[in-house]
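**Q** Sequence first, predicted model second:
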Amino acid sequence: MNFASGELVGVPCSIQHGAFPDERLVMVETEDGANLLVAYRRAANIIAIEERKDGLAYNAGVDPALLQRAEEQELFDRLGKTVARVETLLAREDFTEAMAELAQLRGPVDEFFEKVTVNTDEPKLRENRLRLLSRIRATMNRVADFSQIEG
């Protein structure tokens, strides 16, 4: 925060002046918003539990060579494309479209959880899968702090 001016340094004006929370809350009430929240919670809950249990953060990069299942490869690919589009939308302060873009991850996230065992007995695969989930959480948190959204 720039104490002299009262502005938040590096935070878009629309967030500082209240437009963003309203957009976020309106978006969560839509089908896209509900899908987005479910995808976020699935990933974030597992990451929080495993990071607490293991005493470390899984925020390093995902190793594409360790993506063995089609569903984890698909999620990784879609997430990469989504991150690029979300960054462009955030640069334009188009938060509603950024959230709609993120909501498209719901399908790949669901498929991942249905077909992939995150906590596998193979430590390198487990760590890589947790890193993938951590990337989802970090990407979504670029748009909003979804941990603060109730519902």
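**A** Arrived safely.

**Q** Now name the helix or strand holding Leu90.
**A** In the assignment (DSSP states H and E), Leu90 maps to helix 70-91.

**Q** same thing with Arg52?
**A** Under the assignment given by DSSP H and E, the secondary-structure element containing Arg52 is helix 31-54.

**Q** do the same with Glu114
**A** Counting by DSSP H and E, the element that carries Glu114 is helix 106-115.

**Q** Between helix 70-91 and that helix, find me the angle.
**A** In terms of direction (axes from the mean of the first three to the mean of the last three Cα atoms, to 10 degrees), helix 106-115 departs from helix 70-91 by 150 degrees.

**Q** Please tell me how far helix 106-115 is from the chain's geometric centre.
**A** Centroid displacement of helix 106-115 relative to its chain, using Cα atoms, centre = their mean, to the nearest Å, is 14 Å.

**Q** Quick check: buried residues in the helix or strand just after the helix holding Leu90?
**A** Note on helix 70-91: by DSSP H and E, the next helix or strand toward the C-terminus is helix 95-103. Going by neighbour count (16 or more other Cβ atoms under 10 Å), the buried part of helix 95-103 is Phe95, Thr96, Ala98, Met99, Ala100, Glu101, Leu102, Ala103. Glycine gets a C-beta too; all of them are placed from N, C-alpha and C.

**Q** Just the closest of those residues to Ile47, please.
**A** Leu102 (16.4 Å; Cβ to Cβ).

**Q** My guess is the closest one contacts Thr82. True?
**A** Yes - proximity of Leu102 to Thr82 meets the contact threshold set by Cβ atoms under 8 Å, at 6.6 Å.

**Q** Name all residues that sit in contact with those two at the same time.
**A** Thr139 (Cβ atoms under 8 Å, 6 or more residues apart in numbering).

**Q** what's the angle from the following helix or strand past the helix holding Glu114 to helix 95-103?
**A** Where DSSP H and E defines the elements, the next helix or strand beyond helix 106-115 is helix 123-143. Using the same axes, to 10 degrees, the interaxial angle of helix 123-143 with respect to helix 95-103 works out to 160 degrees.

**Q** Check which helices and strands the helix holding Arg52 sits against.
**A** The criterion is 3 or more Cβ pairs under 8 Å, 6 or more residues apart in numbering; DSSP states H and E, and the helices and strands that helix 31-54 contacts are helix 19-28, helix 95-103, helix 106-115, helix 123-143.
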